[in-house]
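# okay, predicted coordinates and the sequence, questions at the end:
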Amino acid sequence: MCLECGCGEVEHTHPHDHEHPHDHSHQHTRAAEAGPATRKVEVEEKLLLKNDRVAERNRAWLAERGVTAMNLISAPGSGKTTLLERTLERLRDRVACAVIAGDQSTDHDARRLQGKGAPVVQIETVSACHLSAEQVSRVLPEVVTEGVRLLFIENVGNLVCPAAFDLGESFKVALLSTTEGEDKPVKYPSLFSRAQVAVLTKLDLDEALGWDAPLCRRYLQQAHPGIFCFELSAKTGAGMDAWIDYLKKLTA
């Protein structure tokens, strides 16, 4: 459960901005009594409206500087950080990049990405299962240095909540590894329906796992007809050329 946004808190009737200290020993109104549909609209609309206002400011700030920002979303262990490592190495001295790495705890990802030719900032969300536009806003001036053209936002590993929170990105990128199964696009349609780009990772394991690529492609198109898809292995480099060419064209 996310203690910041309150997702999963089906019995709360007040918005979970959590900027006010309050005692959670108070009596909670049961969802059945308060009306689940009304409660859901109140909590989600108030929370997301505040977030979306900041996201629009982020988007305008990035646009003024000519920066394309990608919000990378996936389950934990899909290979986001490995893909970013290989991406930064190949774009070094070609396209100026920056990275915001999000995790509930530790700066492991930021340390892995340091020394790849791009400024990196780690955000620890602590109790939240996603990055917020406000968190991103605070670090933009630090990470987006002069000349940066591509900003990668590596969101917290989660297929659900990060999809709902606009960070001010140009578009969302959904990553799916062969180890997760072909049906994730239809099991988690919120993410895949909102992402403009999908990246299928760890293709070096496809044969060992019995990965059904055509089936996964069908599920992707079912969730989001026309979604643009890359299939690659950051470990072996297979499929990386197409991904890198795409990123370079974004800044041409």
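Structure's in. What do you need? Numbering: from 1, shown residues only.

# helices along the stretch 101-250 of the chain, start to end?
Ranges of helices in the stretch 101-250 of the chain, per DSSP state H, counting those that start in this stretch, are 108-113, 133-143, 161-164, 184-187, 189-194, 206-209, 213-223, 240-250.

# just name the most buried of those.
Mean neighbour count (mean count of other C-beta atoms under 10 Å) peaks for helix 161-164 among those, with a mean of 21. Using the backbone N, CA and C atoms, a C-beta is placed for each residue, glycine as well.

# what separation do you get for the closest residue to V67 other than its chain neighbours and G168?
Distances taken as C-beta to C-beta, 6 or more residues apart in numbering place L151 nearest to V67, at 5.4 Å, with adjacent residues excluded. As judged by C-beta to C-beta, to the nearest Å, L151 and G168 stand 10 Å apart.

# same check on R194?
15 Å.

# show me what the most centrally placed residue in the chain is bridged to.
Residue closest to the average C-alpha location in the chain (C-alpha atoms, centre = their mean): I73, at 3.0 Å. Per DSSP bridges, the residues bridged to I73 are A174.

# pretty sure it is touching F165, no?
No. In this structure I73 lies outside contact range of F165 using C-beta atoms under 8 Å: 9.8 Å.

# quick one, what contacts L209?
178-179 (C-beta atoms under 8 Å, 6 or more residues apart in numbering).

# can you get me a residue count around the residue nearest to V67?
Neighbour count of L151, defined by other C-beta atoms under 10 Å: 26.

# follow-up on the earlier one: closest to T68 out of the helices of the stretch 101-250 of the chain?
Shortest distance between T68 and the helices of the stretch 101-250 of the chain, using C-beta to C-beta, is found for helix 240-250: 5.0 Å.

# so which elements touch that closest one?
Contacts defined by 3 or more C-beta pairs under 8 Å, 6 or more residues apart in numbering; DSSP states H and E place helix 240-250 against helix 80-91, strand 228-231.

# which of those is buried the deepest?
Of all the helices and strands packed on helix 240-250, helix 80-91 has the most neighbours on average by mean count of other C-beta under 10 Å, namely a mean of 20.

# packing partners of that helix?
Judged by 3+ C-beta pairs under 8 Å, 6+ apart, the packing partners of helix 80-91 are strand 97-103, helix 108-113, strand 150-154, strand 197-201, helix 240-250.

# please repeat the previous calculation with a cut-off of 7 Å.
Other elements packing on helix 80-91 under the criterion 3 or more C-beta pairs under 7 Å, 6 or more residues apart in numbering; DSSP states H and E are strand 97-103, helix 108-113, strand 150-154, helix 240-250.

# got the contact list for that helix?
The contact list for helix 80-91 (C-beta atoms under 7 Å, 6 or more residues apart in numbering) reads 72, 74, 97, 99, 109, 112-113, 116-118, 152, 154, 175, 201, 234, 240, 244, 247.

# export it to CSV, keeping only CA atoms.
The C-alpha trace of helix 80-91 is given here as CSV (Å, rounded to 0.1, in the frame of the first residue of the first chain):
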residue,chain,number,x,y,z
LYS,A,80,15.1,-0.4,-16.6
THR,A,81,18.5,0.5,-15.0
THR,A,82,20.4,-1.9,-17.2
LEU,A,83,18.8,-0.4,-20.3
LEU,A,84,19.6,3.1,-19.1
GLU,A,85,23.2,2.1,-18.5
ARG,A,86,23.6,0.8,-22.1
THR,A,87,21.6,3.8,-23.4
LEU,A,88,23.8,6.4,-21.7
GLU,A,89,27.0,4.7,-22.8
ARG,A,90,25.9,4.7,-26.5
LEU,A,91,24.5,8.3,-26.4
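
# distance between it and the chain's centre?
Here the centre of helix 80-91 is set off from its chain's centre by 16 Å, with C-alpha atoms, centre = their mean, to the nearest Å.

# ditto for stretch 132-139
13 Å.

# do the same with stretch 221-241
Computed by C-alpha atoms, centre = their mean, the chain-centroid distance of stretch 221-241 equals 16 Å.

# repeat that for stretch 172-190.
The chain centroid and the centroid of stretch 172-190 are separated by 13 Å, computed with C-alpha atoms, centre = their mean.
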